[in-house]
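J.: Structure of the sequence below:
(one chain, ligands or ions: 1)
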Amino acid sequence: MENTIQPVPFIQGLFEYLQASPTAFHAVRSSAEILSLNGFQRLEESDDWGELAPGSYYLQRNNSSLIAFHLSVPPRASRGLRMAGAHTDSPCLKVKPQPVQLNHGAIQIGVEVYGGALLNPWFDRDLSLAGRVSWHREGGPLQCSLLDFQRPVAVIPSLAIHLDREANEKRSINKQTDLTPVAMLAPDGAAIDFSELLKEQLLQEHPGTEGAIILDHDLFFYDHQPPSRVGLNQELISGARLDNLLSCYALIRAAVDPPAQQDLLIVLNDHEETGSVSSSGAQGPFLRSVLERLYPEPEQRLRVLAQSLFISADNAHAVHPNFPQKYEANHLPQLNRGVVLKKNANQRYATDSLSGGLFKLLCSKAEVPVQEFVMRNDMACGSTIGPLTAAAIGVATVDVGIPSLAMHSIRETAGSLDGWYLYRALATFFQEKPECLTCREDQP
Ligand SMILES: [Zn+2]
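T.: Numbers count the residues shown, from 1 in each chain. This next block holds a predicted model:
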C-alpha cells in the first residue's frame with residue numbers, strides 16, 4: 001500500500017508518543033495533537049454540532065477518552081463505518097487522596113493499585129509522577145491541568161535478600177504495606193504538604209497559574225526509563241504501556257497516513273483495565289452518544305451499523321520461550337510474525353468466523369501476516385473492549401492485537417515489526433473500497 005510510513009519511522013513515532021503519554025490523559029492529548037496536525041477539527045460535546053460538513057473531527061471525554069471520525073459526502077446511511085478501538089489506560093499505581101506518610105525519616109506517597117498490574121517489576125525503578133489536577137483561584141471557576149514531573153521522584157526499594165532469605169522462592173506482595181514509594185527524606189522529621197508540591201509543579205509547567213489552590217488530583221506513578229530497541233539485531237522493543245498505547249498509536253497513525261478515504265471512526269476508551277464501567281469507558285455511553293448525533297434517525301443508524309465492522313485492537317500474548325506450557329500448543333503467536341486474531345468460545349473476545357474472515361482478507365490485501373490465539377481450557381481468558389462494544393451498539397467485531405511478552409508489567413516487550421503490521425492492516429481498512437469489506441450473511 002502506498003503512502004504508508006515505514007517500520008523505522010513508525011517505531012520512532014511510537015517511542016515519542018509513549019514518552020509523551022505517561023497517563024491516559026496524556027495519551028489523549030498526544031493523540032489529539034497528531035489529529036489536529038493532520039486536519040481533524042475539535043468538537044465539544046456541549047456544543048450544537050448542527051449538520052456537520054464532510055470532513056474530519058474529534059472530541060474528548062474526561063480528558064482520558066477520545067473519538068475521532070471522518071465523514072465523506074451525504075447520504076451517509078448507504079455506507080458502513082470503518083470502526084476501530086483501543087484503550088488509553090494501563091495498570092499502574094495511583095496516588096491516594098491523602099497520600100503523605102512519614103515513616104522512620106522517609107516521606108512516602110501512599111498508592112492504590114490501578115488495574116491488574118504485575119507488581120514485582122515495580123520495585124527498584126526510577127519512578128516519575130503524572131496525571132491531572134483540578135484547581136481554582138479564590139472565588140474563581142474550576143480549572144484542570146495535566147502534570148508530568150518528567151524526572152525520577154520516587155522509588156519502591158526491595159527488601160534485601162539478607163532480610164528475606166526465601167524471596168526467590170516465596171516472595172509475595174502485600175499491596176497495602178509493601179508498595180509505598182519513598183519520595184524524599186525528612187531529616188528534620190517534618191512531613192510535606194502534598195498540595196503545595198503540586199502547586200509548585202503546576203506553576204512550573206503552566207506559567208501564569210500563580211495563586212492556584214489545588215482541589216483534587218488523579219496522579220499515577222510511571223517508569224521514567226524511556227522505551228528502547230533491544231536484541232542483537234534490534235528485533236524487539238521494550239517499554240511501558242505497550243498495552244495498549246501501541247494500538248492507540250497504530251490506530252491514530254492509520255487514520256492520518258495516508259489521509260482517510262472512507263467513512264471511519266476511532267474510539268480510544270479509558271478504564272479498560274478496571275472493567276470499562278465509567279462515563280468514558282467502553283461500557284459507558286460515549287460511543288453510542290456520538291453515533292446518535294452523527295446518525296440521528298434510528299433506522300439510518302441501524303443501517304449504517306449493519307454495514308460496519310469494528311476492529312478492537314489490544315495486545316495479545318506471544319509465546320514465552322521459558323514458559324511454553326502456559327499456552328495452547330496449536331496457538332503459539334511469535335514476535336514479529338504478524339497481528340494476532342484472538343478467539344474465545346465464550347465471547348471473551350468478539351471474533352467469529354465472519355469478522356475473523358474479513359480481517360484475514362484485509363491482512364492479505366495489506367500483506368500483513370496473521371496468527372491466531374486461543375487460551376488454554378484450564379486457564380481463565382482475558383477480555384477487551386471488543387465484546388463490550390459489540391454488545392453496546394450491535395456491530396460486527398473482531399478482536400486483534402500485536403503479540404507481546406510481560407503484559408501488565410511496568411515494562412513490556414514486543415516485536416519491532418508487529419506494531420507496523422497492525423498499522424498497515426488498519427490503514428488498509430480505512431482505505432479499501434466498500435465492496436471489499438461488506439460482511440453479508442447467506443450470500444453464495
Ligand atoms: Zn490491553
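J.: in the stretch 101-250 of the chain, which segments are predicted with low confidence?
T.: Residue ranges of the stretch 101-250 of the chain with pLDDT under 70: none are present.
J.: quick one: the strands in it?
T.: 106-114, 127-136, 143-148, 182-185, 213-223, 228-230, 236-239 (DSSP state E, counting those that start in this stretch).
J.: got a list of contacts for the fifth one?
T.: Think strand 213-223. Residues from elsewhere that reach strand 213-223 (CB atoms under 8 Å, 6 or more residues apart in numbering): 22-23, 25, 92-95, 97, 109, 111, 114, 125-138, 142, 147, 154, 181, 195, 198-199, 202, 240-241, 410-411. All C-beta atoms are positioned from the backbone trio N, CA, C, and that covers glycine.
J.: so what strands line up beside it?
T.: Applying DSSP bridges to the sheet, strand 213-223 is found paired with strand 92-103 (antiparallel), strand 127-136 (antiparallel).
J.: Most tightly packed of those strands?
T.: Each of those was scored by mean neighbour count; the highest is strand 127-136, a mean of 21, by mean count of other CB atoms under 10 Å.
J.: CA atoms only: put it into CSV for me.
T.: C-alpha atoms of strand 127-136 as CSV (Å, rounded to 0.1, in the frame of the first residue of the first chain):
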residue,chain,number,x,y,z
LEU,A,127,9.5,6.4,39.2
SER,A,128,8.1,9.6,38.0
LEU,A,129,4.6,11.1,38.6
ALA,A,130,2.0,12.4,36.1
GLY,A,131,-1.8,12.9,35.8
ARG,A,132,-4.4,15.6,36.2
VAL,A,133,-5.1,18.2,38.9
SER,A,134,-8.2,20.3,39.4
TRP,A,135,-7.7,23.8,40.9
HIS,A,136,-9.2,27.3,41.2
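J.: gap between that strand and the chain center?
T.: Between the centre of strand 127-136 and the centre of its host chain there is 19 Å, according to CA atoms, centre = their mean, to the nearest Å.
J.: ok, and the closest non-adjacent residue to Phe69?
T.: For Phe69, ignoring the flanking residues on the chain, the nearest one in space by CB to CB, 6 or more residues apart in numbering is Leu265 at 4.2 Å.
J.: Specify the local secondary structure of the one you found.
T.: For Leu265, the assignment made with DSSP: H, G, I helix; E, B strand; the rest coil gives strand.
J.: who are the neighbours in contact with it?
T.: Here Leu265 is in contact with 67-70, 81-84, 290 (CB under 8 Å, 6+ apart).
J.: do the same with Ala313
T.: Applying CB under 8 Å, 6+ apart, the residues near Ala313 are 84-86, 244, 247, 250-251, 400-401, 422, 426.
J.: Spell out which residues of the stretch 151-300 of the chain are next to the ion.
T.: Within the stretch 151-300 of the chain, the positions lying close to the ion (CB under 5 Å from the ion) are 243-244.
J.: in the stretch 151-300 of the chain, which spans are helices?
T.: 167-170, 194-205, 242-256, 286-294, 298-306 (DSSP state H, counting those that start in this stretch).
J.: Would you mind measuring from His136 to Phe25?
T.: 19 Å (CB to CB, to the nearest Å).
J.: how close does Asn269 get to Ala260?
T.: 21 Å.
J.: More neighbours: which of those two?
T.: Neighbour comparison, Asn269 and Ala260: the larger count goes to Asn269, with 30 against 24 (by other CB atoms under 10 Å).
J.: quick one: Ser312 is in a helix?
T.: No. Assignment of Ser312 by three-state DSSP gives strand, placing it outside any helix.
J.: Once you drop chain neighbours, what's closest to it?
T.: Ser312 sits nearest to Gly386 (CB to CB, 6+ apart), 3.1 Å away.
J.: Need the per-residue pLDDT for that neighbour.
T.: We have a pLDDT of 90 for Gly386.
J.: Highest mean neighbour count out of the helices of the stretch 151-300 of the chain?
T.: helix 242-256 (a mean of 27).
J.: Which single residue of the stretch 301-444 of the chain ends up nearest the ion?
T.: Asp314 (4.2 Å; CB to the ion).
J.: give me every residue that touches that residue.
T.: Applying CB under 8 Å, 6+ apart, we find Asp314 in contact with 86-87, 243-244, 247, 272, 384-386, 399, 401.
J.: Find the nearest non-adjacent residue to it, please.
T.: Spatial nearest neighbour of Asp314, excluding adjacent residues (CB to CB, 6+ apart): Thr384 at 4.2 Å.
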